[in-house]
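S.K.: Predicted model and sequence follow; I will ask about them next.
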Amino acid sequence: MTIPGEEIQTQATPDDNVYQENIAFWEKAWSGCKTPYTQLPTLSYIARIPDELNKAKAKRVLDLGCGSGWLSVYLARQGFDVVGVDVSAQAIYLAKTWAEQEDLKITFDVGDVADLKYADGNFDAVVANSIFEHFPLKQALEMSAKVHNLLNDKGIFIGCFDKVGGGPGEYYTLADGTHVYTDKGRKGMLLRRYSPEELEKLCAGFATMTSDEVDAGSLFVVATK
């Protein structure tokens, strides 16, 4: 979608500089937050996440791109053994602070979710709320394959994929449809909308995959090994 007055360019693939600018955007975005915001978002599907985890008898859960930790905290409150990982050191600081305030035992790690260092088969479940939207398709496919490997033989993946695209801001577009923002407020941020066919590709390695529409056209995806 082209926004009136903006100049759209296209390049074939994201180079390392593009991706490093994306990482820098997130650190800058979180740098302005000095104390945890401890209110959960008002999303209709939140309660479905622990329900799906319990149905799968999952206990140890990896929260991809956990940010300041709201989903990790929410799941830990309900007895799950949670590991949260995010590329922003400031976000992880906020998450740890929040967990300490509630005396919750959550492991929070600074790390790039596109280059996870955890051992294969180490988790019963992986959750990703509005995370894959910030990666080009090729990288997202590689991430999905890694997520599959991180899960044990009966593991489950739960993801929410937002209906994003357009909106205010200036950006250029990669060949796969990913937007790279160039305006001052979101410079470096990557953002893309996944088609149903692309979601099927992401989950191709899983034995089952279901999706249904939730808030504002977002898709709630559950995939099992």
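M.R.: Now that the structure is in, tell me what you want to look at. Residues are numbered from 1 along each chain as shown.
S.K.: residue contacts, V18?
M.R.: 180, 188, 190 (CB atoms under 8 Å, 6 or more residues apart in numbering). Any C-beta I mention is one placed from the backbone N, CA and C, and that applies to glycine too.
S.K.: in a strand, that's where the first one is, yeah?
M.R.: Same thing as V180. Yes: counting by DSSP: H, G, I helix; E, B strand; the rest coil, V180 is found in a strand.
S.K.: Would you mind confirming that it is in contact with L174?
M.R.: Yes: with contact defined as CB atoms under 8 Å, V180 counts as touching L174 (6.5 Å).
S.K.: Strand partners (parallel or antiparallel) of the top strand by length along the chain?
M.R.: For the chain, the longest strand by residue count, based on DSSP state E, is strand 151-161. Within its sheet, and counting by DSSP bridges, strand 151-161 is paired with strand 123-129 (parallel), strand 219-224 (antiparallel).
S.K.: Dump the helix or strand that comes right after it to PDB, restricted to CA.
M.R.: Sequence-wise, the next helix or strand downstream of strand 151-161 (DSSP states H and E) is strand 171-174. Below are the C-alpha coordinates for strand 171-174, written out as PDB (Å, rounded to 0.1, in the frame of the first residue of the first chain):
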ATOM      1  CA  TYR A 171       9.200   3.300   3.900                       C
ATOM      2  CA  TYR A 172      10.600   1.400   1.000                       C
ATOM      3  CA  THR A 173       9.700  -2.100   0.100                       C
ATOM      4  CA  LEU A 174      11.800  -5.200  -0.200                       C
END
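S.K.: Now do strand 171-174: which elements does it pack against?
M.R.: strand 10-11, strand 179-181 (3 or more CB pairs under 8 Å, 6 or more residues apart in numbering; DSSP states H and E).
S.K.: give me that answer again for 10 Å
M.R.: The contact analysis (3 or more CB pairs under 10 Å, 6 or more residues apart in numbering; DSSP states H and E) places strand 171-174 against strand 10-11, strand 179-181, strand 190-191.
S.K.: filter the contacts of V18 to the buried ones?
M.R.: 180, 188, 190 (16 or more other CB atoms under 10 Å).
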